[in-house]
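Asker: What shape does this take:
(2 chains)
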Protein chains: 2
Amino acid sequence: MKIGVFDSGIGGLTVVKSLLEHQLFEEIIYFGDTARVPYGSKDKNTIIRYAIEAVEFFKNFELDMIIVACNTVSAYALDEMRESASCPVIGVVEAGVLATSNAVKNIEDNILVIGTNATVKSKAYENGLKEQGFHKLQTKATPLFVPLVEEEIFHGEILDATLKHYFEHVTHPQAVILGCTHFPLLSETLQQYFGSETMLIHSGDAIVEYLEQEFKFSQKYENPVVKFFASENPEALRKIAKKWLDV
Amino acid sequence: MKIGVFDSGIGGLTVVKSLLEHQLFEEIIYFGDTARVPYGSKDKNTIIRYAIEAVEFFKNFELDMIIVACNTVSAYALDEMRESASCPVIGVVEAGVLATSNAVKNIEDNILVIGTNATVKSKAYENGLKEQGFHKLQTKATPLFVPLVEEEIFHGEILDATLKHYFEHVTHPQAVILGCTHFPLLSETLQQYFGSETMLIHSGDAIVEYLEQEFKFSQKYENPVVKFFASENPEALRKIAKKWLDV
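Answerer: Have a look, this model is predicted:
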């Protein structure tokens, strides 16, 4: 199995990390649109246009599947990508909804979805969770988390003030969907803030669960290979990948 | 006089505000590359490529001058834009250096330059200021200020913690160059933080000073017209312009 992983930038590496740990693929072609990142503040039509261009890029490889690691793209452009692609295209939103409904046993539990402005505005998670019967849903756009992660600010005063700013008036959640690939890097701080009882739903783990459950993936490949591509400065992407993934 | 004003996004509106107040032009064509913003975290070659594309866009209008409102573009791509353009191209960095040397009378004064990662890395302001004889220079990349302004966070705990994070170890400056078009929106808070004796150098006012001093602009045009263009969602740009500029 050879797959493509698409993200607006470097955040999708958190999804690659989960895929590598579970050895579900022989070869991963990662493409980050670093020249036009971020997508989370951009317009629906622009996001769709960029996503279709990513499908065209992936046509250079003979792929068995495309995984959309970016929540914003998964929320807006999955149908259009599927129309253009000649292989299955799956996204982190549907995977996150499945993982949440597996993990949260009580439909009366409070679920909080956090993400970029675009992801939250799309209501993609909300609609998916409602279909599963959940109805105590809160959503909160937390766009500052992205530049904080990119500045490698994972704890401290700025982050504490930002947490307070976003979550002061949020009802205590039993589960939080980390609806942006950058957010798993804040897991420790978020877990501390919400308490150890609150479950954090991570896109990378959700994708693995989705593939195993919906696509019956079970074969393991030793020594999976990852190749990195970027629309600008692939060298910088490879350096970060080395640091985060040890590849 | 009909000019183009180029910025990576909406930040350049702070420069348009100064231009309108001083009525130096009959017509302003504003172009914001909102589909690919921000530039400040991107690679030199990408910034140059995007800047040359902006010159191509401006060729649709018969312009007498292009003003580059974006500090990052001014720092990296001015020469390349001049090669492509058939009218003069001026940037906020050279204007900011002139405004600083007009305002700071003592070359022993401490000057602090703040900007995006790319602008600070370019050393464009530093090199310009050194040529003017200044030698007590500090530079600090303050990239978090951009998303804070875009979230309309102009004061409060997050900003206080961010100011401390960036400036705790900075020697008290007599002048601060606001080397990013977003930063004038934080003027009040920065002035409070550094104290009323510290001069803040603003790109918009600097451009006006530069045009009057170097290009001998003196004619005033009543009722200047501004037209707004964007690479995505121009409607959103026009709304923000209405709010910020009252046009």
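Asker: switch to C-alpha atoms for all contacts and neighbour counts from now on
Answerer: Noted.
Asker: those helices in chain A, which residues are they?
Answerer: A:13-22, A:44-58, A:71-76, A:78-84, A:92-103, A:117-122, A:124-131, A:145-150, A:157-167, A:187-194, A:203-214, A:234-245 (DSSP state H).
Asker: who touches the second one?
Answerer: Meaning helix A:44-58. By C-alpha atoms under 8 Å, 6 or more residues apart in numbering or on different chains, the surrounding residues in contact with helix A:44-58 are A:4, A:6, A:31, A:39, A:72-73, A:76-77, A:80-81, A:84-85, A:118, B:35, B:232.
Asker: for residue A:177, what are its contacts?
Answerer: Taking C-alpha under 8 Å, 6+ apart as the test, what residue A:177 contacts is A:96, A:100, A:111-114, A:200-202.
Asker: To clarify, my last question referred to residue A:98.
Answerer: Residue A:98 neighbours (C-alpha under 8 Å, 6+ apart): A:206, A:210.
Asker: how close does it get to residue B:128?
Answerer: 57 Å (C-alpha to C-alpha, to the nearest Å).
Asker: wait, isn't residue A:201 in contact with residue A:174?
Answerer: No: counting by C-alpha atoms under 8 Å, residue A:201 does not reach residue A:174; the two are 10.8 Å apart.
Asker: among the contacts of helix A:44-58, who's most crowded?
Answerer: Counting neighbours by other C-alpha atoms under 10 Å in any protein chain shown, residue A:72 comes out on top of the contacts of helix A:44-58 with 34 neighbours.
Asker: How about the residue in chain A that chain B sits nearest to: what's its closest non-neighbour residue?
Answerer: The minimum distance from chain A to chain B, using C-alpha to the nearest C-alpha, falls at residue A:36 (4.6 Å). Leaving aside its sequence neighbours, residue A:36 sits nearest to residue B:36 (C-alpha to C-alpha, 6 or more residues apart in numbering or on different chains; 4.6 Å).
Asker: Dihedrals phi and psi, the one you found?
Answerer: Dihedral angles of residue B:36 (phi, psi; degrees, to the nearest 10) stand at phi -130, psi 0.
Asker: Hmm, residue A:37 and it touching each other?
Answerer: Yes: Residue B:36 is in contact with residue A:37 according to C-alpha under 8 Å; the separation is 7.0 Å.
Asker: which residues are in contact with stretch A:231-241?
Answerer: Under C-alpha under 8 Å, 6+ apart, the answer for stretch A:231-241 is A:10, A:13, A:31-36, A:228-230, A:247, B:43, B:46.
Asker: Tell me which two in those are the farthest apart.
Answerer: Longest distance between any two of the contacts of stretch A:231-241 is 26.4 Å, between A:247 and B:46; criterion C-alpha to C-alpha.
Asker: the more surrounded of those two?
Answerer: A count of neighbours by other C-alpha under 10 Å puts residue B:46 above the other of residue A:247 and residue B:46, at 17 against 14.
Asker: Just the pLDDT at that one, thanks.
Answerer: At residue B:46, the pLDDT value in this model is 97.
Asker: now residue A:211
Answerer: 97.
Asker: From residue B:156, how far off is it?
Answerer: 44 Å.
Asker: between these two, who's got more neighbours?
Answerer: Per other C-alpha under 10 Å, whichever of residue A:211 and residue B:156 has more neighbours is residue A:211, with 15 against 11.
Asker: Let me know whether that one touches residue A:219 as I believe.
Answerer: No: Residue A:211 lies out of contact with residue A:219 (C-alpha under 8 Å); the separation is 11.2 Å.
Asker: for the residue sitting nearest the centre point of chain A, what are its contacts?
Answerer: With distances taken as C-alpha atoms, centre = their mean, residue A:181 lies nearest the centre of chain A, 3.9 Å away. Residue A:181 is in contact with A:11-15, A:69-71, A:203, counting by C-alpha under 8 Å, 6+ apart.
Asker: pLDDT and distance to chain B for those - can I get that in TSV?
Answerer: Listed next are those as TSV, based on pLDDT from 0 to 100; distance: C-alpha to the nearest C-alpha, whole Å:
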residue	pLDDT	distance to chain B
A:11	95	15
A:12	97	18
A:13	97	18
A:14	95	20
A:15	97	22
A:69	98	20
A:70	98	17
A:71	98	18
A:203	96	24
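Asker: Just the closest of these to residue B:133, please.
Answerer: Of all these, residue A:11 has the smallest distance to residue B:133: 43.4 Å, by C-alpha to C-alpha.
Asker: The closest one against residue A:179, yeah?
Answerer: No: the pair residue A:11 / residue A:179 is not scored as a contact, 11.5 Å apart, by C-alpha under 8 Å.
Asker: who's more crowded, the two?
Answerer: Each of residue A:11 and residue A:179 has its neighbours counted (other C-alpha under 10 Å); residue A:179 has more, 28 against 22.
Asker: check contacts around that one.
Answerer: Taking C-alpha under 8 Å, 6+ apart, we find residue A:179 in contact with A:71, A:93, A:113-116, A:119, A:202-203.
Asker: Compare those residues and tell me which has the most neighbours.
Answerer: residue A:203 (32 neighbours).
Asker: on that earlier part again, the residue nearest to residue A:36: how many residues sit nearby?
Answerer: Using other C-alpha under 10 Å: residue B:36 sits among 20 other residues.
Asker: nearest spatial neighbour of the residue in chain A sticking out farthest from the centre, skipping sequence neighbours?
Answerer: Going by C-alpha atoms, centre = their mean, the residue of chain A most distant from its centre is residue A:157, 26.1 Å out. Leaving aside its chain neighbours, residue A:157 sits nearest to residue B:161 (5.9 Å; criterion: C-alpha to C-alpha, 6+ apart).
Asker: Many thanks, have a good one.
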